[in-house]
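# let's see this in three dimensions:
(chains A and B)
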2 protein chains.
Amino acid sequence: MNRRHITGFSNPTVKALRALREKKHRKASGRFLAEGLRLLTDARECGHVPETLVLADRRDPHPLLSALEAAVESGGGEVIETTPDILSKITGKDNPQAVAGVFAEFDTSLGALDRSRSDIWLVAQALRDPGNLGTMLRTGDAIGAGGVILIDDCADPFSVEAVRASMGAVFTQSIALARWDEFESWLRAGTGQLVAASLRDAQPYRSAPYAAPCFVMVGNESRGLPEEYEMACDLRVTIPMKGRADSLNAAVAAAVLGYEVLAALDA
Amino acid sequence: MNRRHITGFSNPTVKALRALREKKHRKASGRFLAEGLRLLTDARECGHVPETLVLADRRDPHPLLSALEAAVESGGGEVIETTPDILSKITGKDNPQAVAGVFAEFDTSLGALDRSRSDIWLVAQALRDPGNLGTMLRTGDAIGAGGVILIDDCADPFSVEAVRASMGAVFTQSIALARWDEFESWLRAGTGQLVAASLRDAQPYRSAPYAAPCFVMVGNESRGLPEEYEMACDLRVTIPMKGRADSLNAAVAAAVLGYEVLAALDA
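Here you go, the predicted structure:
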């Protein structure tokens, strides 16, 4: 049985785990961190077992925790027990969950996407906030999307914040990273309707002719979508803005459009 | 003209401004901080002029900035010029906006709400994330809501994070803070339909009989709404959840329901 008890803050394994909160270390190691019994259980039930499981040494027994430990051990992974303080240091959270796991990052190439997996996909362009990105993954799961495609320079979907906000959807949604021209070539090599909220030559989002597979795209939090990307869309729609503001939060816009597409395609 | 130039980090005014990032100092002073030219311009155009305007001393001239300065000075307020470093320290942001303002907090009593102001209101119960709260304010503005009513122990709508995420909607939306029993009494003293997403005895959200004025309620990020609050609703609706997750992000749920109510009442 591969099991260790670590109590020192300066232990090299603790340092390596903490380092996974930084993107460069995630990229270098090809690993990311997820925390919480519920999230790790979701992951396990979707077939994602952590390579390393980190547990607080003072914890209440729980059948789901035992199931996780068993899955990690039978998968050849390592179980580390440590103090709540060290676990807190690893996850960067004052009140850490009693468990965290280290996972190998997934294949995020466009080529790995199975477009026939779903009638709805979300696309984010230069989305900078990891919380927004995680929320989009969570919404994608809720609307039965195939996944989220990240265009240009987006926040890292494997950051602790994005994984946390995804509430486990990082394990259920496909994730692809691509430049715009790569995405456009991939999209146009098959069937697919690209849709975005826009003020240019757009029609009301409630009665628009959505068609499957539908790719719902939202842009950067400050700048929105580049005009070129909007003009490349098959369908531009307007969402009512009754107040002073001229835009919605990016994750909110994705959800309002996503649920509209779901209703239209289900009808 | 009431204008000062401050260059010292330990200046008492700088300390007092920084302290506004903490709730206890906001409550003690009855003041809050908002930042950014666009947000402060929105505030000014809605009739909210800061008592104190803080400007970076190295800044590009801008007609909207001049308009702000003029409004503050004609309102008897103070203009403070300071270094970008100090401005950064005040707002807690690495790349601060070139301008911040100090505002008196608004009346947040239920009694101050004008229910006839709008057919849609948002209600949040024990919402803990200031970003979610700010996003709900922003969505409220977009759907033409009257405002956001905060039940039980919510994040502070006047925190820097909430104000920032509201994108100015903190100045356009009415905000009320109340305990549940206070809110229920106030609600039932007039007309109003209380609606929440629920799994209990609920009907599909797309075809539900929404009625104005409609109060759309969402619950705490982790626990959702207490059963008692759900059962007090006039209408319980279900939002499709096609994946593994059983709930949406709270601000997303408010937006999906809010836009549905808007469409139903407009039809």
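
# for chain B, what's its nearest residue on the stretch 151-267 of chain A.
At 3.0 Å from chain B, A:Lys242 is the closest residue in the stretch 151-267 of chain A, using Cβ to the nearest Cβ. To be clear about C-beta, it is placed using only N, CA and C from the backbone, and glycine gets the same treatment.

# my guess is that residue contacts B:Gly144. True?
Yes. Shown here, A:Lys242 and B:Gly144 form a contact pair, counting by Cβ atoms under 8 Å, at 3.0 Å.

# of these two, who's got more company?
B:Gly144 (18 against 15; other Cβ atoms under 10 Å in any protein chain shown).

# I figured the more buried one hits B:Leu262, correct?
Yes. Between B:Gly144 and B:Leu262 a contact is recorded at 7.0 Å, counting by Cβ under 8 Å.

# what touches both of these two?
Residues within reach of B:Gly144 and of B:Leu262 at once, by Cβ atoms under 8 Å, 6 or more residues apart in numbering or on different chains, are A:240, A:242, B:120.

# list the buried residues of stretch A:47-67.
For stretch A:47-67, a neighbour-count test (16 or more other Cβ atoms under 10 Å in any protein chain shown) marks A:48-50, A:52-56, A:65 as buried.

# ends of that stretch, how far apart?
13 Å (Cα to Cα, to the nearest Å).

# same question for stretch A:231-243.
First residue to last in stretch A:231-243 (Cα to Cα) measures 26 Å.

# how about stretch A:170-179 as CSV, C-alpha atoms only?
The C-alpha coordinates for stretch A:170-179 follow below in CSV (Å, rounded to 0.1, in the frame of the first residue of the first chain):
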residue,chain,number,x,y,z
VAL,A,170,-14.2,20.0,-15.2
PHE,A,171,-14.5,16.2,-15.2
THR,A,172,-17.7,15.9,-17.2
GLN,A,173,-17.2,18.5,-19.9
SER,A,174,-14.8,18.2,-22.7
ILE,A,175,-12.3,21.1,-22.7
ALA,A,176,-10.4,22.2,-25.8
LEU,A,177,-7.9,25.1,-26.2
ALA,A,178,-7.3,26.6,-29.6
ARG,A,179,-6.4,29.7,-31.5
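
# who touches that stretch?
Under Cβ under 8 Å, 6+ apart, the answer for stretch A:170-179 is A:34, A:42-43, A:46, A:48, A:106, A:108-110, A:112-114, A:117, A:134, A:137, A:140-141, A:145-152, A:154, A:157-158, A:162-163, A:166, A:186, B:243-244.

# what is in contact with A:Lys242 and B:Gly144 at once?
What both A:Lys242 and B:Gly144 touch, as defined by Cβ under 8 Å, 6+ apart, is the set B:Leu262.

# just checking, next helix/strand downstream of the helix or strand harbouring A:Leu39?
Using DSSP states H and E, the element containing A:Leu39 is helix A:37-45. Following helix A:37-45 in sequence order, the next helix or strand is strand A:52-56 (DSSP H and E).

# helices or strands up against that next one?
Packing contacts for strand A:52-56, counted by 3 or more Cβ pairs under 8 Å, 6 or more residues apart in numbering or on different chains; DSSP states H and E, involve helix A:63-74, strand A:78-82, helix A:84-91, strand A:99-104.

# quick check: angle from that strand to helix A:63-74?
Angular relation of strand A:52-56 and helix A:63-74 on a 0 to 180 degree scale: 140 degrees, by axes from the mean of the first three to the mean of the last three Cα atoms, to 10 degrees.

# strand partners of strand A:52-56, parallel vs antiparallel please.
strand A:78-82 (parallel), strand A:99-104 (antiparallel) (DSSP bridges).
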